[in-house]
Every structure is written in structure tokens, then in C-alpha cells.
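Peer 1: A predicted structure for the sequence below; I have some questions about it.
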Amino acid sequence: MIELNQRLKKFRETAGLTQQQVADVLNLDRSTYAYYEAGKTTPDIKSVSKLVKIFNVTYYDLVGEEDPTKTGIGDGEAESDNSEKMRIYELSKLEKQLIINFRVLNSKQQEEVVQSLCGTVREDGKKGRKGSQESVE
């Protein structure tokens, strides 16, 4: 059975993240996170909660326990869905940082970020159109 430290490394590498990126979101030194992956120490419950969000996995996937809510029927489909979620590695470094920080926010904070970003994009779009119209005239 794969231990927690090995799963942490596997999920991090699958997500295409560095130890430093994960440590930054957890507000830890990189060496502290490296100790988690080395099996020298284990993350506290608050860090585990954030890691679940960062890696976009279930608590049970992270800690290596069987999910008591799964019945065994159709569980293979859930695994393939989970692999689809791991496509974060296709993002740029900046996009990855945005995603992992976004995942640790609560739903209200996420909504505020989305609204803010949408407003910024709309404002930038208006400025761009206004400038192009002026140059045509």
C-alpha cells in the first residue's frame, strides 16, 4: 500500500507542481513540505484540507483509505473522472499558481475573485475597443 508521503509526491508531480509552489499555498517552508514527502513528518489536518483542494482529490484518495460512501458499483468511472481532473499540468506556471490558490478559498471568496476578474477583463476590453475606435477615426 502506498504511504501518504508517496501519494503526496505522486499527486504533486501529476499536477506538475513544485514543492515550493505547494509549500507557498500551505504557508510553509519548502523544507517542511519536503519532510511530508520524505515521510519524516505528516501534515496537520488544516494542511490536509488544503492539499485535497490543491490536488483536486478526495480526502480518501489523499490519505489512502477506502471511501465508505462508495458502493463498488461504477467506481472505475470515478477513477477515470479523477484522472481528467489532473490535467492542471497543461497550464502555465502562473495559471497553476492561480488555480491552486483559488482552490483553497471558500466558495464566497471564489465567487468574489471570479467577479473581480470578470470586471477587470470587461474594463480592459472596453479600453481596448475605445482606443481602436479612436485610431480609426
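Peer 2: Thanks, I have the structure now. Numbering: from 1, shown residues only.

Peer 1: residue contacts, residue 105?
Peer 2: Residues near residue 105 by Cβ atoms under 8 Å, 6 or more residues apart in numbering: residue 113. (Glycine included, C-beta is placed from N, CA and C.)

Peer 1: now it: how far from residue 96?
Peer 2: Separation of residue 105 from residue 96 (Cβ to Cβ, to the nearest Å) stands at 16 Å.

Peer 1: again, but for residue 38
Peer 2: For residue 38 relative to residue 96 (Cβ to Cβ), the value is 23 Å.

Peer 1: count of neighbours near the nearest residue to residue 101 once chain neighbours are set aside?
Peer 2: Spatial nearest neighbour of residue 101, excluding adjacent residues (Cβ to Cβ, 6 or more residues apart in numbering): residue 25 at 6.0 Å. By the measure other Cβ atoms under 10 Å, the count of residues near residue 25 is 20.

Peer 1: next: residue 32.
Peer 2: 16.

Peer 1: circling back: secondary structure element holding the residue nearest to residue 101?
Peer 2: Assessed by DSSP states H and E, residue 25 sits inside helix 19-26.

Peer 1: same question, residue 112
Peer 2: helix 107-136.

Peer 1: how close does residue 43 get to residue 27?
Peer 2: The gap separating residue 43 from residue 27 is 12 Å, by Cβ to Cβ.

Peer 1: so which of these two has more stuff around it?
Peer 2: A direct count of neighbours by other Cβ under 10 Å for residue 43 and residue 27 places residue 43 higher, at 20 against 10.

Peer 1: you'd agree the more buried one is up against residue 51?
Peer 2: Yes: counting by Cβ atoms under 8 Å, residue 43 touches residue 51, with 6.5 Å between them.
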